[in-house]
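>>> Return atomic coordinates for the entry below.
(one chain, ligands or ions: 1)
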Amino acid sequence: MSCLVIEGQKRLHGETGVQGSKNSTLPILAALLLCEGESLIHNCPDLSDVAGSINILRYLGCEVEYGSNTLVCRAKDLDKNHIPDSLMREMRSSIIFLGALLARTGSASMCFPGGCDIGLRPIDLHLKALSELGAEISDDHGVFRCTVPNGLHGANISLSFPSVGATENIMICASVAEGTTVITNAAREPEICDLADFLNGCGANISGAGEGTIIIEGVNRLSGTRHSVIPDRIVASTLLACCASTSGKIKLNHVIPSHLGAVLSIFRECGCDVDIRGSSIIMDAPVRLTAPKIVRTMPYPGFPTDAQAPIMAMTAKSKGTTLFVENIFENRYLHVNSLLRMGANIKVEGKVAVLQGVECLHGAQVEAKDLRGAAALIAAALGAEGRTTLSGLKYLDRGYEDVEKTLRALGADVRRS
Ligand code: UD1
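Residues are numbered from 1 along each chain as shown. Purely as a prediction, here's the structure:
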């Protein structure tokens, strides 16, 4: 089993780019099922979740070529409407294929999706919304069977929570449904806007993405397009947390700073000097961070749940006390036990974690239990005294493209063994 060996306390310095967004790429790949022409997706990160999506596309009959962060897909003749369990269980976002497959073939069947074990991850909002668009869905011992006996039609869909995945599933499916769909309380994440840009590039008619109400005028068919995926705001947040953890100074290129508003405000509260220059962020971290008072995860534009773990790791050595409140997922403190092994002082009670900053962390043997937790442990290890050995890299590889190479270029001592 491979692991990362990290020798801590090397101050990060220099500059690096940021990979394309995983959370943008995955729904776009699912939407490719609807495109009858050829599509080219640039800035497509090389991740195991992307490989999982490519496997699903190929299984369903798409021709896919992938290399050098560019993906070419032709979805001309699709001959299947079932996704096997082994492909579904690889990742959570496989549920996004439901709307796309249904819209393309008129029927779909699949089991419950997999993904990180960060708490109950129901798909009720996805299923309810697809029913409102005309799907008939039955649950046959954990296998969903969906058909559209009278075709897909537009609907007014009000989400009880602005679920990112449900919003994406609706956008994809409704883009070829007959008539108008209005989503209220839609997710407003930048990845939603990226998906809308991609779909509109293929001929869809979607307006309001990035706002609480999205309007989709159904069109008959989608063609292919060329699209470049937006930079990954969570990877950017992670690299900044790694920098802050080592009192470093780095320049991140190819980012969209406005996507990082809530995160940058926490870095500034910690005493980091954050300078935005076009599509670059230059961050200079102090010798010791000041603990931010409260980090409360919220739907966008609030503080992202995906950045909670890396920010907690960097804060572990800060001066003062931070209250973390995790409002999105119920089990998103899986990294805390490992941080405790490294000398952190954190108490968790339900969705709240109270962190008392310590003078220093020390290296330890730790195991990642989820994707962002893996990133957090890297941030902690980079700032810790001595050597950390991190296992559980299958989680890391779901979302971070060659992170050790990126960190080494910034002066870190990290190797995979
Ligand atoms: C996406 C992101 C993930 C991020 C999350 C929140 C991708 C591939 N993943 O996940 O990295 O952490 O947004 O920003 O883009 N919920 C329900 N019923 C549903 C759907 C969701 O109750 O049908 C609940 C979830 O359990 C969770 C909350 O809504 O508590 C947010 O989930 P959602 O926004 O759907 O997240 P994902 O799309 O799964």
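
>>> Could you check how far the residue of the chain at minimum distance from the ligand is from His227?
Relative to the ligand, the nearest point of the chain is Gly165 (2.8 Å; C-beta to the nearest ligand atom). All C-beta atoms are positioned from the backbone trio N, CA, C, and that covers glycine. Taking C-beta to C-beta, to the nearest Å as the measure, Gly165 falls 20 Å from His227.

>>> and what of Ser280?
Ser280 is 23 Å from His227, by C-beta to C-beta.

>>> Counting neighbours, go ahead and name the busier of Gly165 and His227.
Each of Gly165 and His227 has its neighbours counted (other C-beta atoms under 10 Å); His227 has more, 25 against 22.

>>> Give me the pLDDT value at that one.
Residue-level confidence at His227 comes out at 98, pLDDT.

>>> Equivalent analysis for Gly119, please.
57.

>>> from memory Asn150 sits against Ala135, does it?
No: Asn150 is beyond contact range of Ala135, at 10.2 Å (criterion: C-beta atoms under 8 Å).

>>> before we move on, what SS does Gly14 have?
strand (DSSP: H, G, I helix; E, B strand; the rest coil).

>>> for the ligand, what are the nearby residues on this protein?
23, 26, 92-93, 120-126, 161, 163-166, 187, 191, 304-306, 328-329 (C-beta under 6 Å from any ligand atom).

>>> Please narrow these to those residing in helices.
Among those, the ones falling in helices (DSSP state H) are 23, 26, 124-126, 164-166, 191, 305-306.

>>> wait, which of those residues is closest to Leu323?
Thr305 (15.5 Å; C-beta to C-beta).

>>> correct me, but that closest one touches Ile328?
Yes: between Thr305 and Ile328 there is a contact at 3.9 Å, judged by C-beta under 8 Å.

>>> Which neighbours do those two have in common?
Thr297 (C-beta atoms under 8 Å, 6 or more residues apart in numbering).

>>> that older thread, what about Asn150 and Ala135, which has more around it?
Between Asn150 and Ala135, Ala135 has the larger neighbour count (other C-beta under 10 Å), namely 24 against 9.

>>> Looking at this structure, which residue reaches furthest from the middle?
Asn150 (34.5 Å; C-alpha atoms, centre = their mean).

>>> For the chain, name the helix or strand with the lowest mean pLDDT.
Of the helices and strands making up the chain, the lowest-confidence element is helix 85-88, at a mean of 86, by mean pLDDT, DSSP states H and E.
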